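Trainee: no sequence for this one, just the structure:
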């Protein structure tokens, strides 16, 4: 049937006046889509999950895409750089991977803006950064770090995400227990009623 609604989750902006971070705005909009989209809705989602850590973002993007496929069944364009999501068509016959073509030329890149079947074969983040005018010493440092990260990932597998809120692993360690004790600042912040 005809499209009943168009939903978008595009862009990255916070709501300082409302006290909402970019990620909170992103999740609020995603929640509205998940609650309201119908099989006749058109849903456009761009880079969902980018406002948080890599693994949290990937997990949320994957779960949101699966929910749209299995529950909402909306007509959806879901743009992402999370390569792991390219596995969804193996689980959902109605899903398909497409990408916008690009050609490397020397150290640069030319975007052809043509839609092609299948997932993208690589990321062009460094080339885009160079096009944007990021200084060459930064690009060179990023290339070195990227090579190291790719090699490290190949050698050891993905690095586990650190739990920034985990307690120290050995609670009998006095230094660790003291570090885990709430500070005066933390207690003062806890007392604020937003």
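Mentor: Sure, I can see it. Here the structure is a predicted model, which means the values were calculated and not measured.

Trainee: Looking at this structure, which helix is longest?
Mentor: For the chain, the helix reaching the highest residue count under DSSP state H is reported as helix 136-156.

Trainee: Output the contacting helices and strands for that helix.
Mentor: For helix 136-156, the packing partners by 3 or more CB pairs under 8 Å, 6 or more residues apart in numbering; DSSP states H and E come out as helix 125-131. Where C-beta positions appear, they are placed from N, C-alpha and C, glycine not excepted.

Trainee: Any buried residues in the helix it packs on, and which?
Mentor: Neighbour-count burial for helix 125-131 flags 126-127, 130 (criterion: 16 or more other CB atoms under 10 Å).

Trainee: Just give me how far the longest strand seen in the chain sits from the chain centre.
Mentor: Longest strand in the chain by number of residues (criterion: DSSP state E): strand 108-117. With CA atoms, centre = their mean, to the nearest Å as the basis, strand 108-117 stands 22 Å off its chain's centre.

Trainee: hmm, who's touching it?
Mentor: Residues outside strand 108-117 that contact it (CB atoms under 8 Å, 6 or more residues apart in numbering): 96-104, 124, 127-128, 130-131.

Trainee: Once you drop chain neighbours, what's closest to residue 77?
Mentor: Take residue 77 and drop its neighbours on the chain: the residue closest to it by CB to CB, 6 or more residues apart in numbering is residue 44, 5.2 Å away.

Trainee: The one you found: neighbouring residues, count only.
Mentor: Look at residue 44: counted by other CB atoms under 10 Å, it has 15 neighbours.
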